[in-house]
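**Student:** need a 3D model of the following:
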Amino acid sequence: MKTIAITGGAGFIGSHVVRLFVKKYPNYKIVNIDNLTYAGNLANLKDVESASNYEFIKADIVDAQMMFEVFEKYKFDAVIHLAAESHVDRSISNPTEFVFTNVIGTVNLLNSAKKIWKGDFEGKLFYHVSTDEVYGSLGKEGMFTEETKYDPHSPYSASKASSDHFVRAYFDTYGLPSLISNCSNNYGSFQFPEKLIPLFINNIKKNLPLPVYGKGENIRDWLWVEDHARAIDSIFHKGKLGATYNIGGHNEWTNIDLIKVLCSILDKKLDRESGASEKLITYVKDRAGHDLRYAIDATKLQDELDWVPSLQFKEGLEKTIDWYLENENWMENITSGNYQEYYDKQYNER
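**Tutor:** Numbering: from 1, shown residues only. Reported below is the predicted structural model:
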């Protein structure tokens, strides 16, 4: 029986990875390590919280001593590291917080793994989940490959690039068995509504303004979060040690075109006149250092590990919109801040 630490497992992507591993691998002990900051929500995992092979630990990866104590207690065979500050706007406002969580936190985890494994790396793995933003910005042509030079433009992407470098350095210097994946923009259920798609679904539903940076010409490659979790599963079990794998959705959209599709779908689902929601679009000053285009070449992942996205974007978008419309209580708890009471009810009031 393997014991696997999944950091950031109460977050958007992390909760989908935890759910997949808990349900698919009953012979694995899954330990979810999350500090439950603003984007961590245990209500995301209600369907697995009572599973016999699941355990939650509230802990901050920035606390080196706490991390070592947790690693020593559970003797993890592997780590899937997703815990991170991830919102670019927040990184512009407070870059230091991103350095602590994304860089120092990652190094703390690497040090804890190195200490408890003591050079016996047989069957061990440190899997670091990163972002395509470390590569910088593309023009109208080309795609990011695993060989693309790093060129981060925001404090967020700089902190993730640094953490990637530390993982590779520990592999080269200490032989610590590791893998890295860099993924494009995710969308789907349980995403904190600071991100574009849930934010705009909620604003359209409430007839609130839809703030679009610049002219909305920035291009992103979108991947359904459950496909990302499947990719992580494949890389974790079949990836080559020391390798990097890019994960992409093969779905490039300008922000404004995506927003217009959201408006059109929601006009139908909310029984509004066609074009009504587009009137909510409001153009605002562009974000500082805003990358023009991201696009992932996931050929390596497809060729080596036989992974491809299961959903095309519009199908995934319909599923996502339906989920948010059907889970209004989840969204209300998030936007009101009441979701943070869930931990107290589940753990502190027992």
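**Student:** could you use CA atoms for every contact and neighbour count after this?
**Tutor:** Fine.
**Student:** how about the strands in the protein?
**Tutor:** Here the chain has its strands, by DSSP state E, at 2-7, 28-34, 54-58, 78-81, 125-131, 178-183, 185-187, 210-213, 219-224, 244-247, 252-254, 281-284.
**Student:** out of the ones you listed, nearest to H290?
**Tutor:** Across the strands of the chain, H290 has its closest neighbour in strand 210-213 (9.0 Å, CA to CA).
**Student:** the closest one: how far from the chain's middle?
**Tutor:** The chain centre lies 22 Å from the centre of strand 210-213; the measure is CA atoms, centre = their mean, to the nearest Å.
**Student:** buried sites along it?
**Tutor:** Judged by neighbour count (16 or more other CA atoms under 10 Å), strand 210-213 contains these buried residues: L210, P211, V212, Y213.
**Student:** TSV for these, including distance to E97?
**Tutor:** Shown next, in TSV, are these (distance: CA to CA, whole Å):
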residue	distance to E97
L210	28
P211	25
V212	26
Y213	24
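**Student:** now pLDDT and distance to L36 too, for those, in TSV please.
**Tutor:** Formatted as TSV, the buried residues of strand 210-213 follow (pLDDT from 0 to 100; distance: CA to CA, whole Å):
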residue	pLDDT	distance to L36
L210	93	28
P211	89	28
V212	91	29
Y213	89	29
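**Student:** tell me the pLDDT of N348.
**Tutor:** If you check N348, the pLDDT there is 54.
**Student:** now do the end-to-end distance for stretch 233-252.
**Tutor:** The first residue of stretch 233-252 is 24 Å away from its last residue (CA to CA, to the nearest Å).
**Student:** could you pull out the buried residues of that stretch?
**Tutor:** For stretch 233-252, by 16+ other CA under 10 Å, it's 233, 235-236, 239, 241-242, 244-252.
**Student:** which one of these is nearest to C183?
**Tutor:** I247 (4.6 Å).
**Student:** distance of that closest one relative to L241?
**Tutor:** Distance from I247 to L241, by CA to CA: 17 Å.
**Student:** which residues does A113 contact?
**Tutor:** F71, F76, F126 (CA atoms under 8 Å, 6 or more residues apart in numbering).
**Student:** can you check K240 too?
**Tutor:** Per CA under 8 Å, 6+ apart, neighbours of K240: L179.
**Student:** which regions of the stretch 101-250 of the chain sit below the pLDDT cut-off?
**Tutor:** Judged against pLDDT under 70, the stretch 101-250 of the chain has no low-scoring part.
**Student:** redo that, cut-off 90
**Tutor:** 139-141, 192-196, 211, 213, 215, 217, 249-250 (pLDDT under 90).
**Student:** ok, now how distant is H165 from S137?
**Tutor:** Counting by CA to CA, the gap from H165 to S137 is 19 Å.
**Student:** kindly apply the preceding question to Y294 instead.
**Tutor:** In terms of CA to CA, Y294 sits 6 Å off from S137.
**Student:** the more surrounded of these two?
**Tutor:** In terms of neighbours (other CA atoms under 10 Å), Y294 is the more surrounded of Y294 and S137; the figures are 26 against 22.
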